[in-house]
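J.: Here is my input; please provide its structure:
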Amino acid sequence: MAKNPGLLEYPITWRARLANTSDIANPPIFWHFVRGPQLQGHAYFVGYDSVSKRVAGFIGRQGFSASLPPEEEWFDVGLGFFNGNPSIYASRIGMDWARSYNTWRYQAASDFHCPPDWVGFLVNDDQLLKINLCQRTVSVFSDSRGASSVKFGAESRAPSTRDGEVKTTPKEVAKADAAYENRPKTVPRFLVRYPDRVVVRDLKNQTSQEFFLPVSLLDTSVDTYLHGNGQLLVKYHDGYWESGPRYLLI
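T.: Numbers count the residues shown, from 1 in each chain. Presented below is the predicted three-dimensional model:
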């Protein structure tokens with residue numbers, strides 16, 4: 001049967017429909033973010049127990065369920081494709097393959113990391129959702145009207161002096177020096193891309209900073225890096241035939 005003229009469409013492969021992460025429990029649940037085959041896509045999480053290999057449950061916009069939720073409760077991912085690492089989802093460990101972590105990593109994450117490694121953020125239509133894979137909950141984090149992508153980055157920690165308290169013994173001095181040298185050299189930052197700007201959030205201190213892009217980059221795909229000292233390094237390509245990327249410090 002003849003078809004009406006139209007654009008040539010290729011099937012969306014599984015590589016573009018699947019991304020993996022973990023709740024880093026002990027033993028972990030491996031969570032797979034599965035996208036539908038439609039061009040305008042919707043997606044859901046399905047978890048598998050790392051020991052029994054059985055389905056542990058599903059997560060959609062309404063939260064956790066024991067069975068696959070109806071498609072109207074899936075997350076709206078628009079035209080985004082995953083390719084192992086969807087730009088609409090961000091967590092400290094990212095999405096790549098299903099990882100397992102030992103108990104020490106689990107405890108370290110709960111004590112020191114903000115947000116914990118098992119918490120992710122997803123651009124869903126006009127909302128930025130917070131997804132806690134350990135608690136298996138979904139909540140609205142903020143409005144994300146116009147946001148196109150999210151990511152975590154590392155910013156160099158501002159220089160600081162050692163504890164000003166006077167140390168009276170060599171052991172106390174050595175302990176203070178070791179604590180200073182072993183402190184994290186970078187701090188995590190959460191970045192949200194909008195059409196005209198990039199918003200950098202400090203989730204621990206609940207502060208944010210906006211970096212407005214020049215007009216020439218408003219419709220351009222860019223990658224961003226935190227340069228420190230309140231600056232953002234933007235990487236982009238100026239045209240299809242341009243050899244190599246260009247960089248802009250804002």
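J.: which residue sits closest to residue 247 in space, ignoring its chain neighbours?
T.: Distances taken as C-beta to C-beta, 6 or more residues apart in numbering put residue 235 closest to residue 247, at 5.6 Å, once the chain neighbours are dropped. All C-beta spots, glycine's among them, are computed from the backbone N, C-alpha and C.
J.: residues near that neighbour, how many?
T.: Residues near residue 235, counting by other C-beta atoms under 10 Å, number 13.
J.: And the next helix or strand past the helix or strand of the chain with the lowest mean pLDDT?
T.: Using mean pLDDT, DSSP states H and E, the weakest-scoring helix or strand in the chain turns out to be helix 103-112, at a mean of 41. Going down the chain from helix 103-112, the next helix or strand is strand 119-124, by DSSP states H and E.
J.: for the record, mean pLDDT for the following helix or strand past that following strand?
T.: Scanning forward in sequence from strand 119-124 by DSSP H and E, the next helix or strand is strand 127-132. Average pLDDT, strand 127-132: 91.
J.: how many degrees apart are strand 127-132 and strand 119-124 in direction?
T.: Between the axes of strand 127-132 and strand 119-124, defined by axes from the mean of the first three to the mean of the last three C-alpha atoms, to 10 degrees, the angle is 150 degrees.
J.: Output the contacting helices and strands for strand 127-132.
T.: With contacts taken as 3 or more C-beta pairs under 8 Å, 6 or more residues apart in numbering; DSSP states H and E, strand 127-132 sits against strand 119-124, strand 137-143.
J.: Out of these, which one sits most buried?
T.: Highest mean neighbour count among the helices and strands packed on strand 127-132 (mean count of other C-beta atoms under 10 Å): strand 119-124, with a mean of 24.
J.: Now do it against strand 137-143, angle only.
T.: 60 degrees.
J.: bridging residues for the spatially most central residue of the chain?
T.: Nearest residue to the geometric centre of the chain (C-alpha atoms, centre = their mean): residue 90, 1.0 Å. Following DSSP bridges, residue 90 is listed with bridge partners residue 121.
J.: Residue 218: which of the helices and strands packed on strand 127-132 is closest?
T.: Between residue 218 and the helices and strands packed on strand 127-132, the tightest spacing by C-beta to C-beta is seen for strand 119-124, at 18.2 Å.
J.: can you tell me the average pLDDT over the closest one?
T.: Here the average pLDDT along strand 119-124 is 88.
J.: Quick check: which helices or strands does it pack against?
T.: strand 75-78, strand 89-91, strand 127-132, strand 149-156.
J.: Take the ones you listed and lay them out in TSV including distance to residue 32.
T.: Putting the helices and strands packed on strand 119-124 into TSV (distance: least, C-beta to C-beta, whole Å) gives the following:
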stretch	distance to residue 32
strand 75-78	13
strand 89-91	12
strand 127-132	13
strand 149-156	19
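J.: just those strands: most buried one?
T.: strand 89-91 (a mean of 24).
J.: burial measure for residue 230, as a count.
T.: 10.
J.: Cheers, nothing more for now.
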